[in-house]
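K.L.:
Have a look; sequence and predicted model below, questions after that.
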Amino acid sequence: MLTGVALAPLTQCVMDKKRESLKNWAGNLTYSTSNVREPVSVEQVQEIVKASDKLRALGTRHCFNTIADSDAMLVSTRSLNDFHEPDAHNRITVGAGIRYGDLCRYLDERGFALHNLASLPHISVAGACATATHGSGVRNGNLATAVSGIEFVSGKGEIVQLSRDKDGDLFNGAVVSLGSLGIATKVTLDLVPSFSVRQDVYLNLPVSQLEQHFDEIMSSGYSVSLFTDWQTDNMNQLWIKRKVTEGEKNKADGEFFGARLSDRNVHPIIEISAKNCTDQMGVAGPWYERLPHFKMDFTPSSGEELQAEYFVPREKAFAAIKAVETLRADLKNLLLITEIRTVDADELWMSMCYRRPSVAIHFTLKQDIQGVQSFLPNLEETLAPFEPRPHWGKLFTLQPSVLHSRYERYRDFLAMASQYDPEGKFRNDFMNENLFS
């Protein structure tokens, strides 16, 4: 959708977007401006910020709400995608716009890995970390917990560099930035040794097993996901991704807590072909080809969809699941699939898992905007006893005062935003309504 580059020195990175409207990945959102710029250097980002009154960073457009929208200017970071060799501290610095799928093969070839990946490898590093996007695993933090250093251009057009080693708690406030501190230009990530993963899928896990065995089930692999349509007393699927270790048996058990081992590759929505899913059936492969659910070379969507996701304390997981079950009738004609994952606690101020080991209950919904808008308040009221925190990049309807109460460092974050963006250049309607109100 990016069509041309102007040649003037300052606007060399300006992309002509006026020929067609820009939409997000799912197609449910049309951005409020066709003024999109794509800088190819940090210096160009500085020039754009200094010359602008209002602007907003744009990643790979995987958000379902207007968090990355602007009615003035969008700054795409996709050309800020360079990276360097891993350093002596087993860290790598990458351009903010690089996608995980493009980075991972390079790391694996050099014997390195990232600690975890989201279900889609198509998302950008900076965008995913700024919204605390996650994978699964009781001992795995979200993707932002791998960040050990960040660089961004502040509202004054200045380059700001923060690191975990030097800046401590200030750094913890800046990692999950929600795009409110500046335009991210570089991210430094912690690396681990490369590893292999096998993926086995079980079908029809009785929900009753989760009451006594939730932790055991969700700890049965390096990354574990439950999928359900809420229409029966079973979880439709259980995906277990295990690290492959020498001497481990090659064949998975045929039965697991009452669920049976699938004899074929499956899509989370069982009726859809599994051709775009990462390999299952216990076939070992590199970490970056198993931890995501979908292959980099395929479009993973089942079609037009909407998404919402809520994080509840892990110790209350089963009670929250049973609460959602009471909405079975409402979900029947609206839901495509729900995924349930665990995410470890962290120290990042605006992370959904800040100081709280969590369970993420994710809803992939039909693109029935009116139906979803009617359903979400009921869902949020049902989950209210568990003080859910919604995913920043997905749909929710919580009142700002309720949202603020869920983040104890909320006011500290506002102070940080004012420090780095004193004129409010990076604030948009979403941020003004949900954070700065």
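P.N.:
Thanks, I have it. Numbering: from 1, shown residues only.

K.L.:
Tell me the first helix or strand C-terminal of the worst-scoring helix or strand of the chain on mean pLDDT.
P.N.:
Least confident element among the helices and strands of the chain, by mean pLDDT, DSSP states H and E: strand 14-16 (a mean of 43). From strand 14-16 onward toward the C-terminus, using DSSP states H and E, the following helix or strand is strand 35-37.

K.L.:
Which strands or helices does that next one pack on?
P.N.:
Contact analysis of strand 35-37 by 3 or more Cβ pairs under 8 Å, 6 or more residues apart in numbering; DSSP states H and E lists strand 14-16, strand 74-76 as its packing neighbours. All C-beta atoms are positioned from the backbone trio N, CA, C, and that covers glycine.

K.L.:
What segments of the stretch 151-300 of the chain are helices?
P.N.:
164-175, 208-218 (DSSP state H, counting those that start in this stretch).

K.L.:
Switch these over to JSON lines; also include distance to Phe256, mean pLDDT and mean neighbour count.
P.N.:
Output for the helices of the stretch 151-300 of the chain, formatted as JSON lines (distance: least, Cβ to Cβ, whole Å; pLDDT from 0 to 100; neighbours: other Cβ atoms under 10 Å):
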{"stretch": "helix 164-175", "distance to Phe256": "36", "mean pLDDT": "97", "mean neighbour count": "17"}
{"stretch": "helix 208-218", "distance to Phe256": "8", "mean pLDDT": "98", "mean neighbour count": "17"}
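
K.L.:
Quick one: neighbours of Gln46, just the number.
P.N.:
Number of residues near Gln46 (other Cβ atoms under 10 Å) recorded here: 19.

K.L.:
List the buried residues in whichever strand or helix holds it.
P.N.:
Taking DSSP H and E as the criterion, Gln46 maps to helix 42-50. By 16 or more other Cβ atoms under 10 Å, the buried positions in helix 42-50 come out as 42, 44-49.

K.L.:
which residues touch the nearest residue to Ala68 once chain neighbours are set aside?
P.N.:
The shortest distance from Ala68 to any non-neighbouring residue, by Cβ to Cβ, 6 or more residues apart in numbering, is to Leu58 (5.5 Å). Counting by Cβ atoms under 8 Å, 6 or more residues apart in numbering, Leu58 touches 31, 36, 68, 74-77.

K.L.:
hang on, the earlier thing: reformat the helices of the stretch 151-300 of the chain into JSON lines and put distance to Phe386 next to each item.
P.N.:
JSON lines is the format used below for those (distance: least, Cβ to Cβ, whole Å):
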{"stretch": "helix 164-175", "distance to Phe386": "24"}
{"stretch": "helix 208-218", "distance to Phe386": "14"}
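
K.L.:
for the closest residue to Leu379 other than its chain neighbours, what are its contacts?
P.N.:
Distances taken as Cβ to Cβ, 6+ apart place Leu327 nearest to Leu379, at 6.4 Å, with adjacent residues excluded. By Cβ under 8 Å, 6+ apart, the residues touching Leu327 are 230, 375, 378-379, 382.

K.L.:
Show me the shaky parts of the stretch 151-300 of the chain.
P.N.:
Within the stretch 151-300 of the chain, the ranges that satisfy pLDDT under 70 run 247, 249, 299-300.
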